[in-house]
Structures are given as C-alpha cells and as structure tokens.
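**Q** Okay, structure incoming, though there's no sequence with it:
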C-alpha cells in the first residue's frame, strides 16, 4: 500500500508552532505544532470537528490564529502573506467556483490571479492530465460533483504551487478517477518536489498517500508518525481501527460516568 | 497592488455579462424604466408648477444623479455577493489577492456600471424630455465623482456588514442606499427637513451634491461651498474605512 520512499528533504518548508484558534469559549485548535518537510506528504487525520479544516484555513490566511506562529519557505506568514500564498494553493470538496463561468474561464481567471504566463498551454496540460477535455467548455453549474472536484484540483495544480493543501480531494470521485488523481499527485510530487498537506476520511488512501500522519482530536495532536509506527503503537494492523480507538477515546480531563 | 490580480477579478465579472441577460437588464432596462416612469410623473406635475421654476430640471437631474449613487453602491456590493453566492471567496482570499486589490477591482466594476447606466439615463432624458444634464456644466464632474465615492462608501459599509454578520444581512445590498435617501435630499431641498434631521443630513456627502445641483440650476453659480463639504465628508469616510481594513474587519468572513 505504502508508496515508495519520497524524495523529501530534511528542511521544513512549513513550520507551525503552538497554533491555537478559539471561537468564543470553544477551542477549535489547541496549541498544535508540526513541520512539513519539502517534498513530504503529511496526512492530517481526525474525526469531524477535530480542527483539520480550521488548521488548513489558518495556514491559508483565511482565519487569523488566536495564538501561535506559522511560517512557510522560512518566512513568517503574517508578514509575508502575498509572497507565501503566491507559492501555495489548495483544493477542497467544500469550496466551489463561479457557477456561471465555463471550466476554462474559471481556470483563466485563476491563472491571471496568480500572474501565470503561457496560460493556454498550462490549461491544455492540466485539462489533459485530469481528463477534463469533455467538460472544458461546460458551464460550471452543470458539472457533476466528480467533475467539480476535478476542476478544483485543476485550479490547485494550474498555479504550480510548492505547497498544496488538499482537503478530501477524492471525496466525490469514482475509484478510477480517484486512483488517477492520487497517481497524479504522487507524480507531480516526484517531479517537482511538491509538499502536500492531505486530509481524507479514507484510511486506505491516507496510508497510501502519506509519508507521515498527524492525528487531531478536539484540536490537539494525539498521535504522530508514519502509518506503520502509529499502528504499532496502538497494537492494530489496520489504520481504521486506530482511528476508531483514538476518535472514541475519552479526552484528557473527562471522566467516565 | 498588482494589476494582473485586479484584471483577473474584472475578467471574472465580465465573463458573467457575456451570457447573463438579467445582468444586462440591470444596466440597460431598469434605469431606463425608472427614468421613464418618474419623467412622465414629473411632466404631469409640471403642469401645476406655477410657483416652482425649474421643476423638471430639479427632478430629472436628481433622478439621474441618484442613479449614479445607487449604481456605484450596487457595483461594489453585488460584485461581493456574486463571490458569496458562488462560494468563491475562499479561492480569492487564499490567493495572493489583497483586500485593497479586491476593493480596487470592485470599484472599477462599479465605475463601469455607473458609466453604462448614465449613458442610458442621460440619452433617454434627452430623447424623451429634451432634458440635458450637461446644463449643470463643469460642476457635473465633481458632483458625479462625489456621488460615486459616496456610493462606494455605502457599498463598502454594506459589504463589511455582510462579511461580519453573514448572508442574513444580505438584503442590505438592495436596501442600504435607501436608508440614506431621506437624508440625501435628492428630490427636495435640505430646508424642508426638521431642524434636527437637517443636522444629520448635513453629515451626508450626497446631501451637499444634490443641494449643489439645485444651486447651479437656480443661480447658475458654481457651488464651491457644497462641493467642499462633499469632498471633506467623503475623505473622512474613506479614512474610517481604511481603519476598518487595518483592523481586519473587512475579511472576517463568517467568524
């Protein structure tokens, strides 16, 4: 299942220290710290409401952290937002794109937004790689959920990011396209040294894709390591069983009735 | 401030107009219908105008200028709502796009809308009522600019409220400018308001533009005093919005 060893370097390209987000009395992310090395695929795992999406949104500058520090490419995020986001992109099942524009028009707007050159050639390439030719000129509103996911991925790959945040990227894809998408991510990582933060509720996919996994629960990191190491620590042979064990564990400070 | 990012946002909105008939109607048809209805009412009332000279000029001029304010505000707010409706805000603000570039793009869109709508209303007023807005002379330019800036201020304020309180206050996109209408003295002079309301109306830049317009029509003089008030208040509003932006109030979407 596990992909061949990745060519990632020892240098962290993303550094997160004591990242915290509170919404009133509710703490969504609670003092989270981790690094992602260049070329590494880090899996972010956890039950619904664990703080995965909030963490990614803070890494994208969409939510201001209550406390903590984020730096990418050696630059503090709060002082180098534009420079960092020019080299970062994301894809999420939960984000759409302008519905009245065609697929190609949406990609053109994104390419302009990131100041890309050779726009048509880049769009031709990504459309081909994600097998989007048949709906390239289709109005976005008329896309199926699988096609919409591919558009979101195309938007993310189009800008040739150095760091990519993928929030359940294959959630609505059929097994064939999902397999091709994972292969594409791995191929781009191999050829460009792309760094990826990956979330999914598909444990087999997480195991296949991730060099390392962080398990979040109630905003805190409760396990960290390779899939094999985490399974060994919890005495399980299946990552899904580890997930269930961690997700159902009583959080610290809470007593059983 | 990067021009390519502003151009990207502009192209995103221009693509919409290519195949959206309702959006074209918004620019061409509705302002025309407004002018037609109010123009005929004005002509009818003008039959009884004995004591009120320049009645038609006051009313039609006010109508055309009010549309400038309204469309300038709409240009900002509707562009923002388009992003909310299409769940596209995350794509924009997770890119290197800055709040300043986002506002610059919506202001350019708003100005383009104002120009397109003004062409329709000015030509219709000329064709149907032989009313030439250019009778206001050179003062027309600063009047229009002040109204556009006032419209932008209201538009940015509305956008900020929608960002802060979410889609439940979305209705303000259409209603906000009308909250200002009674104290903008569009169709009547400031003097008809009660004293306490006059004090409030004087704080509104648009009031000084419409007062200025009536001064030009009545006395033919350039209303430097009114214009100075309008410009001063607009600068004050602009500084307030800059402070809002600095505190991040404009991008706290859904928090």
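**A** That came through fine. The shown structure was predicted, so the numbers you read here are calculated from the model rather than taken from an experiment.
**Q** any weak-confidence spans in the stretch 1-150 of chain B?
**A** Along the stretch 1-150 of chain B, segments meeting pLDDT under 70 span B:44-45, B:47-54.
**Q** go again using 80 as the cut-off
**A** Low-confidence segments of the stretch 1-150 of chain B (pLDDT under 80): B:19-58, B:135-140, B:142.
**Q** Quick check: residues of it near chain A?
**A** B:2, B:4-5, B:7-9, B:11-12, B:15-16, B:19-20, B:82-83, B:85-88, B:90-98 (C-beta under 8 Å from any C-beta of the partner chain). For glycine as for every other residue, the C-beta is placed from the backbone atoms N, C-alpha and C.
**Q** For PyMOL, write the selection for the buried entries among the residues you listed.
**A** In PyMOL, this line selects whichever of the residues of the stretch 1-150 of chain B next to chain A come out buried by 16 or more other C-beta atoms under 10 Å in any protein chain shown:
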select buried, chain B and resi 5+7+8+9+11+12+15+16+82+83+86+88+90+91+92+93+94+95+96+97+98
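**Q** what sits against the residue of the stretch 151-257 of chain A found nearest chain B?
**A** Distance from chain B to each residue of the stretch 151-257 of chain A (C-beta to the nearest C-beta) is smallest for residue A:155, at 7.0 Å. Residues in contact with residue A:155 (C-beta atoms under 8 Å, 6 or more residues apart in numbering or on different chains) are A:89, A:91, A:97, A:106-107, A:110, B:91.
**Q** swap in residue B:61?
**A** Contacts of residue B:61 by C-beta under 8 Å, 6+ apart are B:131, B:133, B:135-136, B:213, B:217.
**Q** likewise residue B:31?
**A** Shown in contact with residue B:31 (C-beta under 8 Å, 6+ apart): B:67, B:71, B:117, B:120-121.
**Q** ditto for residue B:11
**A** Contacts for residue B:11 were tallied using C-beta under 8 Å, 6+ apart; they are A:108-109, A:112.
**Q** Residue of the stretch 1-150 of chain A closest to chain B, please.
**A** Counting by C-beta to the nearest C-beta, the stretch 1-150 of chain A gets nearest to chain B through residue A:112 (3.5 Å).
**Q** secondary structure element for the residue lying closest to residue A:206 once chain neighbours are set aside?
**A** In space, and not counting its chain neighbours, residue A:206 is closest to residue A:43: 4.7 Å by C-beta to C-beta, 6 or more residues apart in numbering or on different chains. Using DSSP states H and E, residue A:43 falls within strand A:41-45.
**Q** right, and the helix or strand after that strand?
**A** Strand A:41-45 is succeeded, C-terminally, by helix A:52-59 (DSSP H and E).
**Q** who does that next one touch, helix- and strand-wise?
**A** strand A:12-23, strand A:26-37, strand A:41-45, strand A:67-72, strand A:88-92, strand A:163-167, strand A:195-199 (3 or more C-beta pairs under 8 Å, 6 or more residues apart in numbering or on different chains; DSSP states H and E).
**Q** Parallel or antiparallel, list what pairs with the fifth one.
**A** When pairs are called by DSSP bridges, strand A:88-92 turns out to pair with strand A:163-167 (parallel).
**Q** outside of the strand it pairs with, which residues touch it?
**A** A:13-14, A:36, A:52-53, A:56, A:59-60, A:72, A:87-94, A:156-157, A:185, A:194-199.
**Q** Now do the buried residues in stretch B:179-189.
**A** For stretch B:179-189, by 16+ other C-beta under 10 Å, it's B:180, B:183-186.
**Q** And stretch B:142-156, by the same measure?
**A** Buried, per 16+ other C-beta under 10 Å, within stretch B:142-156: B:142-156.
**Q** Could you do stretch B:112-121 as well?
**A** By neighbour count on 16+ other C-beta under 10 Å, the buried set for stretch B:112-121 is B:112-114, B:117-118, B:120-121.
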